[in-house]
Each structure stands twice: as structure tokens, then as C-alpha cells.
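Participant: No sequence on hand, only this structure:
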């Protein structure tokens, strides 16, 4: 296989694995109401399962796994991780209590923590600065497509065979792709010259110090954390919102969400990566400014999802929200990888996930659940609607941090080019440095 062909194949395999990973999250969110009824749980307990418990272990395990990935064989780590998330997912069907569900969600989180940081590091090694937004977008397309198929498969499998059997079926692709990755992918670090492959790994304190010095990264980290709080609090509860408010069955709901994530999410991911690599290649300042403007509009559209009383208007607005939010993923993900030296890339990605998932993924769904329970005496089944609507203004805060990041990004990227082996400064970075 030619080097170019292998790059594409590697990206395809990683994207498929990201999709399988996303299918778990989508499937679990889709059947929350079924689990609540079957196991007799409160909204707060569901918030712990889908938010805090999963995010806590996903985030904390991500850092040591990423440190391992920055000095070890990333392909082996990804392959083992696939098995570690697939087995607990299959066992969810045998859980009968809250604590059994909790233990299995923790096991799934530990496995899933081993995918994204090593994958981003591998992608950054194979694609240069101009190519990375498109490559990261393709990797993220796997997440979007996996979420789409996950909603579709989970919805109908759950409706016809029950949510317990559904999890057993959806766990099988993870095992298969783990074997495929192990047998067909190679880590370029394994074939690098000895002096390069044995380069010492910077201490975690040094990595943290470098992060703190990069103004762009500070603002992107804060924007990502805030986005995770508000978006996870919303997205994890959206299927339940449509079940309670409009009485949809899981099969019908899964089909609608497959359409929303399939058309809206995938279009947004592709458009974000293509526009960043095509029309704004090397101009990260423009990418961030457009993202900031987008999230200002995002606030109004998102609020309308929960304030309308028409099912089809709510679904159409949800698709628009999904499209616009997905457009920022690839440019920001590629930007983070470009800001840091190659030997820190997996650790950097894990630290981003630590903050965004521990704070955002953990607190977002839980805070929404707690607020929904608190509003229930006054609003009944509509309590979730108003709890979700209350989070929408938070996206303006995200937009402000993106705007702040755009003011210093070109200088920070110019300094990053001097630290890494990605190549010489491009002309826009040189002009940015020269203009101060």
C-alpha cells in the first residue's frame, strides 16, 4: 500500500472506531427513559450514570493512557481500549440495580478513554498543519456517523428486543475493529530512528507549564469546558425531552435522531473541516472569529428548540443546532494539535478531555437532572423542558472565549512552529508576528 493510501486507510479505521465509540453514548442516552422505568431510577441517578460517573473515569484515566501513548505504541493502546469498552457495554443488559449500572458505565469509560488522545496523536503525525482540520473532520465524521447509526440501531433494537439485548448487539463491532486495528495499523514511532523513538517524555508538570503559557490554549480550554457543560447537559437529555414532551417511541425517536445527526451533524463536521482547510487554511484567527459569531446565533436557535410546542419545528431546529455546533470541532481539534510539540500531543489531548469531560461531561447532565427534579413540583413533565432552556444563554460565554482566542492565536502558532518539526512559518504567521 502506498504511503498516501495507508494514511487514508488509517484514518478510515480510526474513524470507524470513533463511530462505534459514539454509538454507545447515543444508545445509552436514547434509552434513559426505559432504564428509568425498568430499574426505578430518579433523573438525578440517570444524570450520574450518563454524566458524572462516566465522565469522571473517562477523564481521569485519559491522562495516564495518553502519557503511555506519547511514549508507547499507540496502535496497541487503541486496540486494547476497544475491547475494554465493548465488554462492559455488552454486560449492561444483565444489570438489575443502579450500582451495577454504575460499575459497568465506569468500565466502559475506562475503555473509551484510550481512543481519542492516541488517535489525534497519530493523525497529527501523518497530516501537516494545513491538512489537519480536514483529517480531524474526517475522524470526527466517524463520531457523527456512529451516533447516527447508534440512534437508528438502538431505537429499533430496543423497541423490538428490549434495551438489554440492544447493548449486547452494539458491543460486537468494537471487538471486531479492535482486532482490525491490531493487525493492520502501524505506529510510525515503532519504525522511527532509535534516537527519535527513544526521546524522553517531558514531565507532566512541564506539559502543564507549557499549556499555561499559551494564551490561545487557555481560552480554547475554557471555551471547551463551558461548551461541554451546556451541550452535554442538553444533548444527553434531548431524547428524553422528546419522549416526555411529545410521546415518541424509541424506534421513531431513534430514526429522527439518526436523520438529525446523519444529515446535520455530518454536514457540519465536513463543512467545518473543508472550510478551514480550503478557504481559511493557515488562518486560524478567521476560523475562531467565525466560530464565535456562530455560537452567538446558536444561543437563539437552541433556546427555540425548547420553547416551541410543535414537534417538527423542534426537530428541524435540533438539526440546525447539530449542524452549527459540529462545524467548530475539526478546526479547534486541529489547532490544539498544532500548538504543541509532537511528544506532547496525546497528553495535551487528554488534558483537554480531562477538563471538558470531568467538568462539562460530568456536571452538565447532572446539573440538568437536578434542576429538572427541582422544577418538577411546579412544572410536572415540563420540568425538563425548562431545565434545558435555562442552559442556552451559556453559549454566549463560549463565544466570548473563542473571540479572545482569536486575538492571540497567530502569534501562538508562530511560536509553536519554531518549537516543532512541522515546518517553517507560513506567510500569514510571519505577517502576524511582524505586526506584533
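Facilitator: Everything's here; your move. All values derive from a computational prediction rather than experimental measurement.
Participant: Which helix or strand in this structure has the lowest average pLDDT?
Facilitator: Lowest mean confidence among the helices and strands of the chain (mean pLDDT, DSSP states H and E): helix 427-434, at a mean of 39.
Participant: And the helix or strand where residue 268 lies, what's buried?
Facilitator: Per DSSP states H and E: residue 268 is located in helix 266-278. Neighbour-count burial for helix 266-278, counted by 16 or more other Cβ atoms under 10 Å, picks out 266-273, 275-277. For glycine as for every other residue, the C-beta is placed from the backbone atoms N, C-alpha and C.
Participant: Following element in sequence after the host helix or strand of residue 111, please.
Facilitator: Under the criterion of DSSP H and E, residue 111 resides in helix 98-112. Sequence-wise, the next helix or strand downstream of helix 98-112 (DSSP H and E) is helix 116-126.
Participant: so how far is that next one from its chain's centroid?
Facilitator: 14 Å (Cα atoms, centre = their mean, to the nearest Å).
Participant: tell me the average confidence for whichever helix or strand comes after it?
Facilitator: Downstream of helix 116-126, the next assigned helix or strand under DSSP H and E is helix 132-161. On average, the pLDDT along helix 132-161 is 79.
Participant: Tell me what angle helix 132-161 forms with helix 266-278.
Facilitator: Interaxial angle of helix 132-161 relative to helix 266-278 (axes from the mean of the first three to the mean of the last three Cα atoms, to 10 degrees): 170 degrees.
Participant: Which strands or helices does helix 132-161 pack on?
Facilitator: helix 3-30, helix 116-126, helix 163-170, helix 250-259, helix 266-278, helix 329-339 (3 or more Cβ pairs under 8 Å, 6 or more residues apart in numbering; DSSP states H and E).
Participant: Quick check: next helix or strand after the longest one?
Facilitator: It refers to helix 3-30. Counting by DSSP H and E, what follows helix 3-30 is helix 32-39.
Participant: neighbouring contacts of that following helix?
Facilitator: 41-43, 46, 49-50, 95-98, 101, 158, 163, 236-237, 239-240, 243-244, 250 (Cβ atoms under 8 Å, 6 or more residues apart in numbering).
Participant: quick one, what contacts residue 240?
Facilitator: Residue 240 touches 29, 32-33, 384, counting by Cβ under 8 Å, 6+ apart.
Participant: List just the nearest of those residues to residue 68.
Facilitator: Relative to residue 68, the closest of the contacts of residue 240 is residue 29; by Cβ to Cβ it sits at 29.6 Å.
Participant: Tell me the buried residues in the helix holding residue 111?
Facilitator: Quick answer for helix 98-112 (16+ other Cβ under 10 Å): 98, 101-102, 104-112.
Participant: now that helix: mean pLDDT?
Facilitator: 87.
Participant: and the angle from that helix to helix 163-170?
Facilitator: Angle of helix 98-112 versus helix 163-170, following the same axes, to 10 degrees, is 20 degrees.
Participant: Phi, psi for residue 40 please.
Facilitator: phi 60, psi 60 (degrees, to the nearest 10).
Participant: Can you read off the pLDDT for it?
Facilitator: Value for residue 40, per-residue pLDDT: 88.
Participant: Give me the neighbour count for it.
Facilitator: Residue 40 is flanked by 10 other residues according to other Cβ atoms under 10 Å.
Participant: And for residue 206?
Facilitator: 11.
Participant: again, but for residue 37
Facilitator: So residue 37, with other Cβ under 10 Å, has 10 neighbours.
Participant: can you tell me how far it sits from residue 250?
Facilitator: 12 Å (Cβ to Cβ, to the nearest Å).
Participant: Show me the shaky parts of the stretch 151-300 of the chain.
Facilitator: Residue ranges of the stretch 151-300 of the chain with pLDDT under 70: 190-202, 204, 207, 262, 278, 280.
Participant: can you do 80?
Facilitator: Applying pLDDT under 80 to the stretch 151-300 of the chain flags residues 151-152, 189-213, 228, 232-233, 235-236, 250, 254, 257-258, 261-283, 298.
Participant: still on that earlier bit, output the contacting helices and strands for the helix holding residue 111.
Facilitator: helix 3-30, helix 32-39, helix 53-71, helix 74-91.
Participant: For residue 222, find the nearest of these.
Facilitator: Of all these, it is helix 53-71 that lies closest to residue 222, at 16.0 Å by Cβ to Cβ.
Participant: for the closest one, what is the average pLDDT?
Facilitator: Here helix 53-71 scores 77 as its mean pLDDT.
Participant: Quick check: which helices or strands does it pack against?
Facilitator: If you count contacts as 3+ Cβ pairs under 8 Å, 6+ apart, helix 53-71 packs onto helix 74-91, helix 98-112, helix 116-126, helix 345-355, helix 362-379.
Participant: which stretch in these is the model least sure about?
Facilitator: helix 345-355 - the lowest mean pLDDT of those, at a mean of 70.
Participant: picking up where we left off before, indicate which one of the helices and strands packed on helix 53-71 is closest to residue 219.
Facilitator: Using Cβ to Cβ, the helices and strands packed on helix 53-71 put helix 345-355 closest to residue 219, at 12.5 Å.
Participant: Chain neighbours aside, what residue packs nearest to residue 46?
Facilitator: Distance criterion Cβ to Cβ, 6 or more residues apart in numbering; nearest residue to residue 46, sequence neighbours excluded, is residue 32 at 5.3 Å.
Participant: Distance-wise, check that neighbour relative to residue 372.
Facilitator: Applying Cβ to Cβ, the value for residue 32 to residue 372 is 12 Å.
Participant: overlap in contacts of these two?
Facilitator: What both residue 32 and residue 372 touch, as defined by Cβ under 8 Å, 6+ apart, is the set residue 237.
Participant: Comparing the two, which shows the higher neighbour count?
Facilitator: Taking other Cβ under 10 Å, residue 32 and residue 372 do not tie; residue 372 has more neighbours (28 against 23).
Participant: just to revisit the earlier point, nearest to residue 58 among the buried residues of helix 266-278?
Facilitator: Using Cβ to Cβ, the buried residues of helix 266-278 come closest to residue 58 at residue 269, 21.2 Å.
Participant: My guess is residue 79 contacts residue 178. True?
Facilitator: Yes: at 4.7 Å, residue 79 and residue 178 qualify as touching, with contact defined as Cβ atoms under 8 Å.
Participant: dump the residue contacts of residue 246.
Facilitator: 311, 314.
Participant: go with 7 Å
Facilitator: For residue 246, the contact set (Cβ atoms under 7 Å, 6 or more residues apart in numbering) comprises residue 311.
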